[in-house]
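Engineer: quick check, what structure comes out for this input:
(one chain, ligands or ions: 2)
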Amino acid sequence: MTAKIRIGVLFGGKSAEHDVSLQSARNVINALDKKKYEVILIGIDKRGQWYIQEAIANIPHQQPGQLTVTTHLNDWVTIVPGQSHTLLTGLMSKEQITTLDVIFPVVHGPYGEDGTIQGLMKLANVPFVGSDVLSSAVCMDKDISKRLARDAGIPIPKFVTIYRRDLANIKEEQIIKEVGLPCFVKPANLGSSIGINKVKTKTELRAAIEKAMLFDNKILVEEGIEGREIECGVLGNDDPIASVPGEIIPKAEFYTYEAKYFDPEGAEVIAVADLPADIVKKVQELAIKAFKTFDCDGMARVDFFLKKDGTLLLNEINTIPGFTRISQYPKMWEASGVGYTELLDRLIQLAMEKFDQRQTIKVSPED
Ligand SMILES: Nc1ncnc2c1ncn2[C@@H]1O[C@H](COP(=O)(O)OP(=O)(O)O)[C@@H](O)[C@H]1O
Ligand SMILES: [Mg+2]
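Structural biologist: Ligands and ions are numbered 1, 2, ... in the order given. Got it, this is the predicted structure:
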């Protein structure tokens, strides 16, 4: 019998998407094949501290489904840079708790999906699921990723970037001249529609900019696109494949935070979008092109707008997509013939392969 792979599942974290991450992680942990994996649960609390968990606990006295990271100082842990095997070490006991063969970061948004945790895992010499430091950071940043997409000839909505330092000097009229109305105002580095507002008149623009600026030092104002929201899963490293495209049909003005997580009627989430074959092909090709442009690894969910005239525009690319049973990424793969547990197996395999490949890269001329 071969030894089980010891996998650390990381969840929670310091972002506004903490709660979503717990939901995703619970599904991942349940679905991992326990014959193949020994699963170590590592919860990150809202301050960013890591704790070993027995299970993802329900919040006491709350309705079922409200999950939390439990924090006992005795279980406070970290991974340690510079070791040949990744050590999970107790910060109070100063003792080695376990080694890890691979980490699956199921953490969304800043301090999780944005390259920061990826950097820590890289320093700790552990294979991890998903994209590396730079691609994670680039895909998190809606401004930088749009610039790179534009450079690669991937169509995107018109946009204007505003930094906090320039807030006092912005000219609403000029912005609207560039992107038109309605427009969308959003923080550059966030997710789950947090801080996003649709603006229909010039008078609403400043308030929307200030709201978005609560969540970041940089925000975007984008041309409002009238079209369908089409999403596509990508899986692989150097030779990635695309899933069947799915569709989100928001019931409100747009796909809001409430619609994503609180209102079951908020949006229709369709795993297989009703699209002609030529558009399906175009979506898949563009999804793979975006994945390669941003140098992603493992997985990504690539989100598009499809206009009535057939034009496809890239909206964004998510390097750690939602992983609940009803999340679009696993659903699109299920519809493409890759079930949830198999999807996890493949992602873990891809993480190990990428890690092994990286070991062959010289870091000094003497190596
Ligand atoms: N330029 C746009 N035109 C039309 N709708 C938009 C635009 N930007 C965002 N939206 C709407 O807002 C939602 C969230 O925006 P998105 O950029 O995907 O941010 P997040 O990373 O929070 O998901 C989209 O799913 C869509 O419904
Ligand atoms: Mg989105």
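
Engineer: roughly how far does the closest residue to ligand 1 within the stretch 1-150 of the chain sit from Asn318?
Structural biologist: Using Cβ to the nearest ligand atom, the single residue of the stretch 1-150 of the chain nearest to ligand 1 is Lys142, 6.3 Å away. C-betas here are computed from N, CA, C, even on glycine. Distance of Lys142 to Asn318, given as Cβ to Cβ, to the nearest Å: 11 Å.

Engineer: now Pro276
Structural biologist: For Pro276 relative to Asn318 (Cβ to Cβ), the value is 25 Å.

Engineer: now Val160
Structural biologist: Val160 is 23 Å from Asn318, where distance means Cβ to Cβ.

Engineer: repeat that for Ala3.
Structural biologist: Taking Cβ to Cβ, one finds Ala3 at 33 Å from Asn318.

Engineer: just to revisit the earlier point, tell me which of Pro276 and Asn318 has more neighbours.
Structural biologist: Asn318 (20 against 9; other Cβ atoms under 10 Å).

Engineer: which residues does the more buried one bridge with?
Structural biologist: Arg301 (DSSP bridges).

Engineer: quick check: domain ranges of this protein?
Structural biologist: 5-128, 158-223, 226-358 (automatic domain parsing).

Engineer: mean pLDDT and distance to ligand 1 added to these, as a markdown table?
Structural biologist: Formatted as a markdown table, those follow (pLDDT from 0 to 100; distance: least, Cβ to the nearest ligand atom, whole Å):
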| stretch | mean pLDDT | distance to ligand 1 |
| --- | --- | --- |
| domain 5-128 | 90 | 9 |
| domain 158-223 | 96 | 4 |
| domain 226-358 | 96 | 3 |
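
Engineer: can you list those in a markdown table and add distance to Ala149?
Structural biologist: Listed next are the domains of the chain as a markdown table, based on distance: least, Cβ to Cβ, whole Å:
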| stretch | distance to Ala149 |
| --- | --- |
| domain 5-128 | 18 |
| domain 158-223 | 11 |
| domain 226-358 | 5 |
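
Engineer: quick one, what contacts the residue most central in space within the chain?
Structural biologist: Nearest to the geometric centre of the chain sits Ile320, at 3.0 Å (Cα atoms, centre = their mean). By Cβ atoms under 8 Å, 6 or more residues apart in numbering, the contact list for Ile320 reads Pro105, Val106, Val107, His108, Gly112, Glu113, Gly130, Met299.

Engineer: closest to Met121 among the residues you listed?
Structural biologist: Sorting the contacts of Ile320 by how near they are to Met121, with Cβ to Cβ, puts Pro105 at the top with 7.3 Å.

Engineer: which helix or strand contains that closest one?
Structural biologist: In this assignment (DSSP states H and E), Pro105 forms part of strand 102-106.

Engineer: please state the offset of that strand from the chain centre?
Structural biologist: On the basis of Cα atoms, centre = their mean, to the nearest Å, strand 102-106 sits 13 Å off its chain's mean C-alpha point.

Engineer: now for it, which elements pack on it?
Structural biologist: Helices and strands touching strand 102-106, by 3 or more Cβ pairs under 8 Å, 6 or more residues apart in numbering; DSSP states H and E, are strand 5-12, helix 18-31, helix 116-123, helix 340-359.

Engineer: after the second one, next one along is what?
Structural biologist: Read it as helix 18-31. Assignment by DSSP H and E places the next element after helix 18-31 at strand 37-44.

Engineer: in CSV, list the C-alpha atoms belonging to that next one.
Structural biologist: As requested, the backbone C-alpha atoms of strand 37-44 are provided in CSV (Å, rounded to 0.1, in the frame of the first residue of the first chain):
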residue,chain,number,x,y,z
TYR,A,37,-5.3,11.6,1.4
GLU,A,38,-4.7,12.4,5.0
VAL,A,39,-6.3,15.8,5.4
ILE,A,40,-5.0,18.4,7.7
LEU,A,41,-7.4,21.3,8.3
ILE,A,42,-5.8,24.7,8.7
GLY,A,43,-8.2,27.5,9.4
ILE,A,44,-7.0,31.1,9.1
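
Engineer: buried residues, that strand. List them.
Structural biologist: Under the neighbour-count criterion of 16 or more other Cβ atoms under 10 Å, strand 37-44 has Tyr37, Val39, Ile40, Leu41, Ile42, Gly43, Ile44 buried.

Engineer: rewinding a little: pretty sure the residue of the stretch 1-150 of the chain closest to ligand 1 sits against Lys186.
Structural biologist: Yes - contact criterion Cβ atoms under 8 Å: Lys142 and Lys186 qualify, at 6.6 Å.

Engineer: now list whatever residues contact both of those two.
Structural biologist: Common neighbours of Lys142 and Lys186 (Cβ under 8 Å, 6+ apart) are Leu220.

Engineer: now do stretch 337-347: everything it contacts.
Structural biologist: Counting by Cβ under 8 Å, 6+ apart, 27-28, 31-33, 36, 104, 129-130, 235, 243, 298-299, 325, 330, 333-334 sit against stretch 337-347.

Engineer: repeat the analysis, applying 6 Å as the threshold.
Structural biologist: Contacts with stretch 337-347, where a contact means Cβ atoms under 6 Å, 6 or more residues apart in numbering, come from Ala31, Leu32, Asp33, Val129, Gly298, Met299, Pro330, Trp333.
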